[in-house]
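J.: Turn this into a structure:
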Amino acid sequence: MGPLDVTKDYFILLKPRVIWLLIFASLAGYLYASLPHFSWAKLGELALVGLLSTGGSAAFNHYWERDIDAKMERTAQRPLASGRLSPLPALAYSVALSALGLALSAVWFNASVAICVAAGWFFYSIVYTVLLKRRHWSNILIGGFAGNAAFLAGWLAAAPLALRAVLASFAVWVWIPSHIWSLAYVYRRDYREAGVPMLTAQVAEPLAVSIVSALDVAAAAYMLVLVALYKGFLSLVVMAPAAVLAIYLGLRALAERTDKAFWRVFKSSSPLLAVFFIALLI
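T.: Now for the predicted structure:
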């Protein structure tokens, strides 16, 4: 492989299509706490800390799961699973990124922010990836607290902890299982063959359909209620169409019970969370 190919593979280790929402969560938390006054410098520093810490944990996930990734069609071509990159350099890369992100969070911000950054890394890398992913279907529920930590890290960079910040952070936590399990339902056979106990691969398919659909509806409804409680009419106007669409797709997936329906739920879930963050900032 040439230098560009290697660079591309190390970029893939960051899981950019996954971590951008966690970085956005941190930025949204900061702006939600600080608007109408905020610092562009702090915003940039938060973005860099988020990129390093979440990217480092994503690279560690690639390293730790390279054996099961190789067994699944969806992930078999990842850099480590396919053998394009060697494990030890990838591990060193993940550790360096993670350590730098944590160090910068402590230097640029306060201890509370650094604790949240460390907690986010710990819940995803250790609790989810190492301890639970291969052992129990609750892996994503407990590991999902990494999402809370991302939002709260941003908030605490600007203000003391408040109830509305905690409630908003749980929008991320509720969203994560509906997002991940809708994808895991589509690829449930892959997870079974790899021996990964995702909920959708463990329970009977009718029950999996009901759970994922209910979570999708619940996540959208929770976000809509939060916006209605804490924000104004314009925010509600922005949030309502996305929430209604998500609820419709969740109910439609429950009725259709097809992979295509749950793929639509998965694809619509990231825009739903992004719109929620935007609604908070209006």
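
J.: Identify all contacting residues around stretch 82-99.
T.: Applying CB atoms under 8 Å, 6 or more residues apart in numbering, the external contacts of stretch 82-99 come out as 1, 5-6, 9-10, 13-14, 52-53, 55-60, 62-63, 66, 70, 76, 79-80, 121, 125. Any C-beta I mention is one placed from the backbone N, CA and C, and that applies to glycine too.

J.: repeat that with 6 Å
T.: Here stretch 82-99 makes contact (CB atoms under 6 Å, 6 or more residues apart in numbering) with 9, 52, 55-56, 59-60, 63, 79-80, 121.

J.: repeat for stretch 63-71
T.: Under CB under 6 Å, 6+ apart, the answer for stretch 63-71 is 75-76, 78, 80-81, 87, 90-91, 94, 129, 194, 196.

J.: Any chance of a markdown table for the residues you listed, columns secondary structure, distance to residue 158 and pLDDT?
T.: Listed next are these as a markdown table, based on DSSP: H, G, I helix; E, B strand; the rest coil; distance: CB to CB, whole Å; pLDDT from 0 to 100:
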| residue | secondary structure | distance to residue 158 | pLDDT |
| --- | --- | --- | --- |
| 75 | coil | 37 | 90 |
| 76 | coil | 43 | 91 |
| 78 | coil | 36 | 93 |
| 80 | coil | 37 | 95 |
| 81 | coil | 40 | 93 |
| 87 | helix | 39 | 94 |
| 90 | helix | 35 | 95 |
| 91 | helix | 34 | 96 |
| 94 | helix | 29 | 97 |
| 129 | helix | 30 | 95 |
| 194 | helix | 42 | 89 |
| 196 | coil | 38 | 91 |
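
J.: Counting neighbours, which of these comes out on top?
T.: When neighbours are taken as other CB atoms under 10 Å, the top entry among those is residue 80 (25 neighbours).

J.: Ramachandran angles for it?
T.: Dihedral angles of residue 80 (phi, psi; degrees, to the nearest 10) stand at phi -80, psi -40.

J.: How about it: what's its closest non-neighbour residue?
T.: Nearest non-adjacent residue to residue 80, counting by CB to CB, 6 or more residues apart in numbering: residue 66, 4.0 Å away.

J.: out of the contacts of stretch 82-99, which are buried?
T.: Among the contacts of stretch 82-99, those classed as buried by 16 or more other CB atoms under 10 Å are 9, 52, 55-56, 59-60, 63, 79-80, 121.

J.: Just name the closest of those to residue 239, please.
T.: Set against residue 239, the nearest of those by CB to CB is residue 55 (29.0 Å).

J.: any idea how far that closest one lies from residue 263?
T.: Counting by CB to CB, to the nearest Å, the separation of residue 55 from residue 263 is 26 Å.

J.: which stretches of this protein form helices?
T.: 3-12, 16-34, 40-64, 66-71, 87-108, 111-122, 139-143, 145-156, 163-186, 188-194, 199-202, 205-230, 233-256, 259-281 (DSSP state H).

J.: which of these sits most buried?
T.: Of the helices of the chain, the one with the most neighbours on average (mean count of other CB atoms under 10 Å) is helix 145-156, at a mean of 27.

J.: what mean pLDDT does that one have?
T.: If you average the pLDDT over helix 145-156, you get 95.

J.: chain center to that helix: distance?
T.: 11 Å (CA atoms, centre = their mean, to the nearest Å).

J.: contacts for that helix?
T.: 22, 25-27, 29-30, 33, 46, 112-113, 116-117, 119-120, 123-124, 165, 169, 172-173, 176.

J.: follow-up on the earlier one: would you turn the helices of the chain into a markdown table with distance to residue 133?
T.: Conversion of the helices of the chain to a markdown table gives the following (distance: least, CB to CB, whole Å):
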| stretch | distance to residue 133 |
| --- | --- |
| helix 3-12 | 19 |
| helix 16-34 | 15 |
| helix 40-64 | 8 |
| helix 66-71 | 8 |
| helix 87-108 | 16 |
| helix 111-122 | 14 |
| helix 139-143 | 5 |
| helix 145-156 | 13 |
| helix 163-186 | 11 |
| helix 188-194 | 10 |
| helix 199-202 | 12 |
| helix 205-230 | 18 |
| helix 233-256 | 25 |
| helix 259-281 | 19 |
